[in-house]
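1. here is a sequence with its predicted model. Questions after.
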Amino acid sequence: MTVAEPVVRPDAPGLASPEWGGFDPTRTRGRGWVDVRRSFLTAVRLGWQMEANWTDPFLFFVYSVAKPLASALILVVMLDVISGGGKPEYRAFVIVGSALWSFVLSGVSGLAWMILDDRERYRMLKYVYVSPSDFLAVIFGRGVARIGVGAMGAAITLAVGVVFLGVPFDVGRIDWPLLIIVMALGVTSILAIGLLLAAICMQTRQESWSYPEAAAGALFLVSGVVFPLAVLPAPVQAIGFITPLTWWIEGIRRALFPGGVSAVGGPGSLFGQLTGAVSPDPLLIVVVLLATGAVATLGALAVFRASDRRAKDRGLFDQTTGS
Amino acid sequence: MSTLRADGRRTAELAGRNAFVYRPTASPQAAAVWTTRQVAMTNLRTVIGRAYPRVTGLFREKSWVFFEILLPFLSTSAFVFVYRALQAPPQYVGFVVLGGAMTAFWLNVIWMMAQQLWWEKSQGNLELYFAAPMHIMAVLFGMAFGGFVMSSTRALAVLVIASTIYGVSFAVDQWALLVGVFLLTLAALYGLGMMLASLFLMWGREAWHLTQLLVEPVYFVSGLNFPIARLGVLGSVAISILPLAVGLDAMRQLAFAGAAYPIGTPPPAIEAAILVAMVVVFVLLSRWTLAVLERMARAEGRLSVRWQ
């Protein structure tokens, strides 16, 4: 004898079984962006707590600023050893570059470390993954705190450069529209690269903690961060041109220090040979940043999806390693 | 009296060869009394056992070749190009290459030595280490040896590849002293790592952040990419407390003999003596701090507390 399936009553109170009378498919669909937003904000809050609640605010500030400041000081001393302080424009160039790079490092490592933190340290990744939260929203949310810390480090490094290291800076000369557009596009690109690293770290082992910094170190070479690309061989300069970070840093430099040293152009640069221009104009910077950023973002999403599938297939979400 | 085992060999015969073989004893108390050889062999086995995953891991997952050799090489290259952009004398490129190679050991010391015991605690392994019949210093030595092997491959690769590509020419007059300084630097670095491992265990979650704090700021005060004499008093302080600073400066003086750059630091022989003192101090301090922290942790029941 077959039993007739229960009919969903119009007045059934959701999932309040047993009176509800059947399956309510709307409950499984969730509330779309409302749920994504809630997952994201919860992840942001959690990430911030994990980043900051281990100490008092002063010590946290010191820890956050010491790293980017030391990076800038290494370059300043290198510059001074050789030029004896004779190249002030180059000092601004390296300080801005290294300050912005701390932002890149935090963005790239924030997302990748979220995977490693939750899988290797707290062993929560599989639970997070199977929860109703959107996994990407959680990853981005957890990365926000680290990006915030990186942004603070970058700002402090710039401030130290202006106040103590003689970097010429005039607030009145800032190209605000360019700064805002380039910053928005650049942050998106940085997050895309972070997502790519997160996808890679899903597949690798515990020692992957250093991978984001290693990858960022490689990009450091080709992005014109602390030296003009013109000193690199032409093929390597070409690689630098397809990296959104090159155009982001160039755009920020152009917006904050109009007329300063260009990392992309300059005498003997591949850019100069190809375009005949001394340095890229703001419109070109925005267009190329938009194009390279879009490619990076789409590529990162594709790699992340593939990594996600492979991780599920091979049981990597609850894999812990040690050495 | 020996007995015949299923595989045809006699237990007494095996006991004579192997310190770990089961030996029949009259009581549990007698079984707990180990000979000096047994203690030594167990600790040696611990060293090998703890080094094993680090050495074997090199062959199990090949991605490290890309991430730990190629990418750090590119990172080192960035600083080479900074000097090239500034049209610096060629020996400065050599400084960067030497510094880039030595960063492999420093990163290994802070990430995989200093932080390791805290990490093991978070993973639930630490109480097993303390419960096992071995000296915890043997675990630290094993970690250090495994880490040394891991880092040496990376350091050697960066040194060879970068020197070849960027045409670094070394001028070494005192090979023996150079090798001696290098080994002393490593011994001091890993001694420092062993000491920090104990301290990080006490500092808990702060250790994680401290690890990150110990990268770029230490590179800066150690004069990783420039002559440390340029830092003046700060450089002198670094030379007296940081193995990376004193070791790099001594190796730089020995590997680029006669090169013109601001020295102003002690001669290599003196710096080698400083390294010897550091080795002794760090190893003794690590033993002491480990004993103190183990006692504290046992008393306060914190050996098995995770993620704090």
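-> Cool, got the structure. Numbers count the residues shown, from 1 in each chain, chains lettered A, B, ... in the order given.

2. tally up the residues packed near residue 284, please.
-> Since you didn't name a chain, this refers to chain A. 17 (other Cβ atoms under 10 Å in any protein chain shown). (Glycine included, C-beta is placed from N, CA and C.)

3. not what I meant, chain B
-> That count, for residue B:284 with other Cβ under 10 Å as the rule, works out to 12.

4. same deal with residue A:34?
-> Neighbour tally, residue A:34, other Cβ under 10 Å: 9.

5. could you give the mean pLDDT of stretch A:303-319?
-> Averaging pLDDT along stretch A:303-319 gives 91.

6. contacts for that stretch?
-> A:119, A:123, A:125-126, A:129, A:135-136, A:195-196, A:198-200, A:202-203 (Cβ atoms under 8 Å, 6 or more residues apart in numbering or on different chains).

7. what about that stretch, distance to the chain center?
-> 21 Å (Cα atoms, centre = their mean, to the nearest Å).

8. please apply the same query to stretch A:189-200.
-> Using Cα atoms, centre = their mean, the offset of stretch A:189-200 from its chain centre is 7 Å.

9. hmm, who's touching it?
-> Residues from elsewhere that reach stretch A:189-200 (Cβ under 8 Å, 6+ apart): A:103-104, A:107-112, A:114-115, A:136, A:139-140, A:143, A:147, A:208, A:211-212, A:215, A:219, A:244-245, A:248, A:289, A:292-293, A:296-297, A:299-301, A:303-304, A:306-308.

10. buried ones only from the residues you listed, please, as a PyMOL command.
-> This is how PyMOL selects the buried members of the contacts of stretch A:189-200, with burial counted by 16 or more other Cβ atoms under 10 Å in any protein chain shown:
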select buried, chain A and resi 103+104+107+108+109+110+111+112+114+115+136+139+140+143+147+208+211+212+215+219+244+245+248+289+292+293+296+297+300+303+304+307+308
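
11. just the ones of the contacts of stretch A:189-200 in strands?
-> Among the contacts of stretch A:189-200, no member falls in strands (DSSP state E).

12. among the contacts of stretch A:303-319, who's most crowded?
-> Of the contacts of stretch A:303-319, with other Cβ under 10 Å as the count, residue A:198 tops at 30 neighbours.

13. tell me the residue of chain A that sits nearest chain B?
-> Closest residue of chain A to chain B, Cβ to the nearest Cβ: residue A:217 (2.9 Å).

14. pLDDT weak spots in the stretch 1-150 of chain B?
-> Residues of the stretch 1-150 of chain B that meet the criterion pLDDT under 70 lie in B:1-23.

15. same thing but 80
-> B:1-24, B:58-72, B:119, B:122-124 (pLDDT under 80).

16. centroid residue for chain B?
-> Centroid-nearest residue in chain B, with Cα atoms, centre = their mean: residue B:190, separated by 3.2 Å.

17. burial count for residue A:274?
-> Neighbour count of residue A:274, defined by other Cβ under 10 Å: 12.

18. list the buried residues of the strand or helix carrying it.
-> Per DSSP states H and E, residue A:274 falls inside helix A:270-275. Residues of helix A:270-275 classed as buried by neighbour count (16+ other Cβ under 10 Å): A:270, A:271, A:272.

19. so which elements touch it?
-> Counting by 3 or more Cβ pairs under 8 Å, 6 or more residues apart in numbering or on different chains; DSSP states H and E, the packing neighbours recorded for helix A:270-275 are helix A:234-241.

20. does the helix it packs on reach chain B?
-> No: Helix A:234-241 lies out of reach of chain B by Cβ under 8 Å from any Cβ of the partner chain, never closer than 9.4 Å.

21. residues contacting that helix, please?
-> Contacts for helix A:234-241 (Cβ under 8 Å, 6+ apart): A:221-224, A:229-230, A:232, A:246, A:264, A:269-271, A:288.

22. what residues sit buried inside that helix?
-> Here helix A:234-241 shows A:236, A:237, A:239, A:240, A:241 as buried, counting by 16+ other Cβ under 10 Å.

23. of all those, which comes closest to residue B:210?
-> Nearest to residue B:210 among these, counting by Cβ to Cβ, is residue A:240 at 34.3 Å.

24. can you give me the helices for the stretch 51-200 of chain A?
-> With DSSP state H, counting those that start in this stretch as the criterion, the stretch 51-200 of chain A has helices at A:57-83, A:88-116, A:125-130, A:135-164, A:176-203.

25. the longest one vs chain B: in contact?
-> It refers to helix A:135-164. No: residues of helix A:135-164 are not located near chain B by Cβ under 8 Å from any Cβ, the shortest gap being 10.3 Å.

26. show me which positions of that helix end up buried.
-> Across helix A:135-164, burial judged by 16+ other Cβ under 10 Å covers A:135-154, A:156-158, A:160-161.

27. what's the nearest residue to the residue nearest to the centre of chain B if we skip its chain neighbours?
-> Nearest residue to residue B:190, sequence neighbours excluded (Cβ to Cβ, 6 or more residues apart in numbering or on different chains): residue B:144, at 4.1 Å.

28. tell me how many other residues crowd that neighbour.
-> 27.

29. ok, it - contacts?
-> Contact analysis of residue B:144 by Cβ under 8 Å, 6+ apart lists B:113, B:190, B:193, B:194.

30. surely the first one and residue B:147 touch.
-> What it means is residue B:113. Yes: contact criterion Cβ atoms under 8 Å: residue B:113 and residue B:147 qualify, at 6.0 Å.

31. overlap in contacts, these two.
-> B:190, B:193.

32. count the residues that sit near the closest residue in space to residue B:135 that isn't next to it in sequence.
-> Using Cβ to Cβ, 6+ apart and skipping residues adjacent in sequence, the residue nearest residue B:135 is residue B:43, 5.3 Å away. The tally of other residues near residue B:43 (other Cβ under 10 Å) stands at 18.

33. again, but for residue A:36
-> 17.

34. surely it and residue A:134 touch.
-> Yes: checked against Cβ under 8 Å, the pair residue A:36 and residue A:134 is within contact range at 4.9 Å.

35. which residues are contacting stretch A:82-95?
-> A:72, A:75-76, A:79, A:157-158, A:161, A:165-169, A:226-227, A:253, A:257, A:260-261, A:263, B:82-83, B:86-88, B:92.

36. now the end-to-end length of that stretch.
-> 16 Å (Cα to Cα, to the nearest Å).

37. how about stretch B:29-44?
-> Stretch B:29-44: ends 24 Å apart by Cα to Cα.

38. in it, which residues are buried?
-> By neighbour count on 16+ other Cβ under 10 Å, the buried set for stretch B:29-44 is B:42, B:43.

39. my read: residue B:253 touches residue B:268, true?
-> Yes: using Cβ under 8 Å, residue B:253 makes contact with residue B:268 at a distance of 5.1 Å.

40. residues in contact with the residue of chain A closest to chain B?
-> Here residue A:217 is in contact with B:71, B:72, B:74, B:75, B:78 (Cβ under 8 Å, 6+ apart).

41. how about a cut-off of 7 Å?
-> If a contact means Cβ atoms under 7 Å, 6 or more residues apart in numbering or on different chains, then residue A:217 has B:71, B:72, B:74, B:75 as its contacts.

42. these: which ones sit near chain A?
-> With respect to chain A, and counting by Cβ under 7 Å from any Cβ of the partner chain, the subset of those in contact is B:71, B:72, B:74, B:75.

43. so which of the residues you listed are in helices?
-> For the ones next to chain A among the contacts of residue A:217, membership in helices holds for B:71, B:72, B:74, B:75, with DSSP state H as the criterion.

44. now those: which count as buried?
-> Buried subset of those (neighbour count, 16+ other Cβ under 10 Å): B:71, B:72, B:74, B:75.

45. quick check: the third one touching residue A:218?
-> Yes: in this structure residue B:74 lies within contact range of residue A:218 using Cβ atoms under 7 Å: 4.0 Å.

46. got any ranges where the stretch 201-323 of chain A has weak pLDDT?
-> Flagging of the stretch 201-323 of chain A using pLDDT under 80 yields the residue ranges A:205-210, A:213, A:319-323.

47. write out the residues of it neighbouring chain B.
-> Going by Cβ under 7 Å from any Cβ, the residues of the stretch 201-323 of chain A near chain B are A:204-205, A:207, A:209-211, A:214-215, A:217-218, A:220-221, A:226-228, A:231-232, A:322-323.
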